[in-house]
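Student: Sequence unavailable; structure follows:
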């Protein structure tokens, strides 16, 4: 009697599906070239950004994006599953501020401050609050000035290090600034601050406010916002002349958790179908713009992987699973839900990839593999070299937000090695729109992810487990 697997393979072969060795140069080159000729990913990104717009967790936009991506994957013939996820539902309200008193202020004048509420921010009264502003540059200074904090608006004025970003260290530069945004509100609240402000974490001083997540909870929720770099510097200068008072109005709402979904689309494997290779991006975005770089491009690129392989009628040995994660921006609950659902079969998660670094030019691949496994990827590097993406960078851990728990359990993680030197110009701002995405670079993304996904799904040798993540 034929096994179910034998019948499945027979059906796929009769339908024209092709199996090929993982390291076959001709097949890898064919995948690369097909991706570089296709506008599928850019078209899906345009659908997402232009037709839906912002996709903050819990919003109508996020729900519409789930439907849109699921429908597109079904049209490719993928097996689509909507995995339920409970997500935060935070709604931005009115947000405005002005400097109403400072040394040398001409009578009757005030100065507008450009800002935007941070995720999870508490609200002021509808009429706003008026309070003195103090500026600090790190947590030690904040604690040293504890006597001034109570009842004040605390502003962390920390410059984003664009020179680091220009030299390939945008991630560390962002990490340095973002820790003040995430942890600062909680610390300031516990010290009695009336509200919290942070200089926007980004490199382009175009008077753009950069939003982002905070670690605030119901126990310590206070009004919290990001001010533009220009306004942060202005306030710091004025404070050198004397005391400064601000009138601040923020009226966001923290609503009950909402129902949402991860979109999972499978291209089933053949003889190793129970082993999974994940290719993914996060579907949600902040609400200020359309999230073209963060992370519409990542999702569209992952969708492009399935389309590329389907167009070539290539059938992988392992199942290639496209996941559009929900709630990376303000909770990572989509990644947690997937990990919880699969923690009993972690060994079947062969490898995972997430693209969440924008749509800058990719120069290759980063992966959390053992040093001895680096040599396995020589065929992928050779295939991607003609498009300038032949670099392979090994890391002990990649740390992708939605896949962190899988990596902690030993699943090797991969991501495109991308030029992020200008990524934080637009990140979490009203300027993260489709026009900022270069279609050619997005095609390169699809080529990198498609080639690597195929290789991982078909390689013969065991990849091994990712290096242990420190607890």
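Tutor: Everything's here; your move. Fair warning: this is a prediction, and the values are worked out from it, not measured in the lab.
Student: now residue 111, nearest residue through space, not along the chain?
Tutor: Nearest non-adjacent residue to residue 111, counting by Cβ to Cβ, 6 or more residues apart in numbering: residue 99, 4.5 Å away. In this view, the C-beta of every residue, glycine as well, is placed from N, C-alpha and C.
Student: I'd like to know how many residues surround that neighbour.
Tutor: In terms of burial, residue 99 registers 20 neighbours under the definition other Cβ atoms under 10 Å.
Student: Residue 64 now?
Tutor: Should you count by other Cβ under 10 Å, residue 64 turns out to have 15 residues around it.
Student: where along the stretch 351-471 of the chain do the strands fall?
Tutor: Under the criterion DSSP state E, counting those that start in this stretch, the stretch 351-471 of the chain contains strands at 362-367, 391-394, 413-418.
Student: Ok, the stretch 51-200 of the chain next?
Tutor: 79-91, 95-102, 111-113, 115-117, 129-136, 153-156, 195-199.
Student: For residue 408, which of these is the nearest?
Tutor: strand 79-91 (19.4 Å; Cβ to Cβ).
Student: Contacts only, for residue 463.
Tutor: 350, 351, 369, 373, 376, 412, 456 (Cβ atoms under 8 Å, 6 or more residues apart in numbering).
Student: doesn't residue 238 make contact with the residue nearest to residue 111?
Tutor: Yes - taking contacts as Cβ atoms under 8 Å, residue 99 lies within contact range of residue 238: 7.0 Å.
Student: shared neighbours of the two, anything?
Tutor: Shared contacts of residue 99 and residue 238, defined by Cβ under 8 Å, 6+ apart, comprise residue 244.
Student: low pLDDT regions in this structure?
Tutor: With pLDDT under 70 as the threshold, the chain has low-confidence stretches at 1-19, 469-471.
Student: center of it - which residue?
Tutor: Centroid-nearest residue in the chain, with Cα atoms, centre = their mean: residue 356, separated by 4.3 Å.
Student: Residue 388 is in contact with residue 381, isn't it?
Tutor: No - counting by Cβ under 8 Å, residue 381 is not a contact partner of residue 388; they are 11.6 Å apart.
Student: and these two? which has more neighbours close in?
Tutor: residue 381 (16 against 12).
Student: before we move on, back to that, mind checking which of the strands of the stretch 351-471 of the chain is nearest residue 262?
Tutor: It is, among the strands of the stretch 351-471 of the chain and with distance given as Cβ to Cβ, strand 413-418, at 17.2 Å.
Student: Partner strands of that closest one, with direction?
Tutor: Neighbouring strands of strand 413-418 in its sheet, by DSSP bridges, are strand 349-354 (parallel), strand 362-367 (antiparallel).
Student: As CSV, these with mean neighbour count and distance to residue 145 would be great.
Tutor: Listed next are the strands paired with strand 413-418 as CSV, based on neighbours: other Cβ atoms under 10 Å; distance: least, Cβ to Cβ, whole Å:
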stretch, mean neighbour count, distance to residue 145
strand 349-354, 26, 40
strand 362-367, 23, 40
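Student: Save the ones you listed as JSON lines, and put in distance to residue 468 too.
Tutor: Shown next, in JSON lines, are these (distance: least, Cβ to Cβ, whole Å):
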{"stretch": "strand 349-354", "distance to residue 468": "16"}
{"stretch": "strand 362-367", "distance to residue 468": "16"}
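Student: so which of those strands comes closest to residue 170?
Tutor: Between the strands paired with strand 413-418, strand 362-367 lies closest to residue 170; by Cβ to Cβ that is 13.5 Å.
Student: buried sites along the strand of greatest length in the chain?
Tutor: Taking DSSP state E as the criterion, the chain has its longest strand at strand 253-267. Of all the residues in strand 253-267, those buried under the rule 16 or more other Cβ atoms under 10 Å are 254, 258, 260, 261, 262, 263, 264, 265, 266, 267.
Student: Adding distance to residue 119, write the strands of the stretch 351-471 of the chain out as a markdown table.
Tutor: As requested, the strands of the stretch 351-471 of the chain are exported to a markdown table (distance: least, Cβ to Cβ, whole Å):
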| stretch | distance to residue 119 |
| --- | --- |
| strand 362-367 | 27 |
| strand 391-394 | 31 |
| strand 413-418 | 23 |
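Student: out of these, nearest to residue 27?
Tutor: strand 362-367 (17.7 Å).
Student: returning to what we had before: cross the contacts of residue 463 against helices and list the overlap.
Tutor: residue 456 (DSSP state H).
Student: closest to residue 29 among the contacts of residue 463?
Tutor: Looking across the contacts of residue 463 and measuring by Cβ to Cβ, the closest to residue 29 is residue 456, at 17.0 Å.
Student: Verify the contact between that closest one and residue 349 for me.
Tutor: No - in terms of Cβ under 8 Å, residue 456 does not count as a neighbour of residue 349; the distance is 11.3 Å.
Student: any chance you could read off phi and psi for residue 321?
Tutor: phi -110, psi 110 (degrees, to the nearest 10).
Student: Now do the same contact list for it.
Tutor: Shown in contact with residue 321 (Cβ under 8 Å, 6+ apart): 264, 265, 266, 267, 276, 277, 278, 279.
Student: if you set the cut-off to 10 Å instead, what comes out?
Tutor: 78-79, 81, 264-269, 276-280, 302, 306, 338, 349, 352, 453, 457 (Cβ atoms under 10 Å, 6 or more residues apart in numbering).
Student: Ok, residue 424 next?
Tutor: Contact partners of residue 424, counting by Cβ under 10 Å, 6+ apart, are 160, 162, 165, 170-171, 173-174, 177-178, 200-204, 210, 293-294, 358.
Student: The residue nearest to residue 111 contacts residue 133, correct?
Tutor: Yes - between residue 99 and residue 133 a contact is recorded at 8.1 Å, counting by Cβ atoms under 10 Å.
Student: one step back: could you measure the residue nearest to the centre of the chain against residue 303, distance?
Tutor: Distance, residue 356 to residue 303, by Cβ to Cβ, to the nearest Å: 15 Å.
Student: what's the answer for residue 227, then?
Tutor: Distance, residue 227 to residue 303, by Cβ to Cβ: 36 Å.
Student: ok, now residue 466?
Tutor: Between residue 466 and residue 303 the distance is 25 Å, computed by Cβ to Cβ.
Student: In terms of neighbours, single out the busier of the two.
Tutor: Counted by other Cβ under 10 Å, residue 466 and residue 303 do not tie: residue 303 has more neighbours, with 28 against 25.
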